[in-house]
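S.K.: Provided below are the primary sequence and the corresponding predicted coordinates.
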Amino acid sequence: MKRRGFIKKLFFSIVGLGSLFALDAFWFEKYIIDWTVFDISKNKKNRITLIQLSDIHLKELNSSLISIVEKVNNIRPDVILFTGDTITRKSKLPMLNELLALFDQSILKILIYGNKEHSGKILYEEIAPVLNKHNGVVLVNKNHIFTKGTRSINIVGIDDFVGGTADFQKAANDMDNKQLDTIVLNHCPEYSDTISELNSSQKVNITCILSGHTHGGQITFFGKELFKPVGSGIYLKGWYTTNNIRMYVSKGIGTTLLPVRFGARAEASIFYV
């Protein structure tokens, strides 16, 4: 009887742990967004608020995305930054239009390409009008100057490193004033190494680089990822510094390959610049 009781308890313990694991991986870490907040303004006046939404992999307008929209509209940032892999195929362009329509239309939206936009063969001529309709722009190796009050910053959008033609030098040449505080949007963090090398001659005043792509590993155990996509380099998640240039790698929102997250909770980030 003691042995039978032990086996029964062990069985229910395993079932219970498995259920907790499934609840965490299939629901909590996927849909309960971790809102990270960073003040990198260095006490500047006319502080600018940016929100980074990366790797959405838009499949449906689920309750998690709706909650993100509601929080963003409540915060009322100056700019929303979609840092790649927002949609994965042309058929999702109408859904992207629906998503953008939910955000406050007074908020500027800036989108860059990730590898999924390229592999999905989504043409600039197809996605740019969708952004334009909702007070947004698509940046492909280009710069956009954002002005708030008496202060202006550069927001640079780099094409995807894996699927496109990432060209920081071209983007830098598009700048009228390289001394403005500059935020670089760069989907694949590995290309940040090239950006830091090129900037030794370009001399752009880079405040930070914002990347995604890695999903924070998506499934990790004790901080060690099972898999990282090509274009991640040595980077996984959080803050890094390369040649005195800071970079933040977002864990992103969506999933790929497997519809689970473990040890890599979905993330949206607020930056005060």
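M.R.: On my side now, so go ahead.

S.K.: any weak-confidence spans in the stretch 1-150 of the chain?
M.R.: By pLDDT under 70, the weakly predicted segments of the stretch 1-150 of the chain are 1-25.

S.K.: let's see that with 80 instead.
M.R.: Applying pLDDT under 80 to the stretch 1-150 of the chain flags residues 1-27.

S.K.: now the strands for it?
M.R.: Along the stretch 1-150 of the chain, counting by DSSP state E, counting those that start in this stretch, strands occupy 34-39, 49-53, 79-83, 108-112, 136-138, 142-148.

S.K.: check which helices and strands the longest one sits against.
M.R.: With contacts defined as 3 or more Cβ pairs under 8 Å, 6 or more residues apart in numbering; DSSP states H and E, the packing partners of strand 142-148 are strand 151-157, helix 168-173. Backbone N, C-alpha and C define where each C-beta goes, glycine included.

S.K.: list the contacts for the residue nearest the centre of the chain?
M.R.: In the chain, the centroid-proximal residue (Cα atoms, centre = their mean) is Ser54; its distance is 2.1 Å. Applying Cβ atoms under 8 Å, 6 or more residues apart in numbering, we find Ser54 in contact with 82-85, 187, 210-213, 250, 252-253, 267.

S.K.: just to revisit the earlier point, pick the most buried one from the strands of the stretch 1-150 of the chain.
M.R.: Mean neighbour count (mean count of other Cβ atoms under 10 Å) peaks for strand 79-83 among the strands of the stretch 1-150 of the chain, with a mean of 26.

S.K.: the nearest residue to Asn243 once chain neighbours are set aside: how many residues sit nearby?
M.R.: Of all residues beyond its chain neighbours, the one nearest Asn243 is Ser196 (4.0 Å), with distances taken as Cβ to Cβ, 6 or more residues apart in numbering. When neighbours are counted by other Cβ atoms under 10 Å, Ser196 registers 18.
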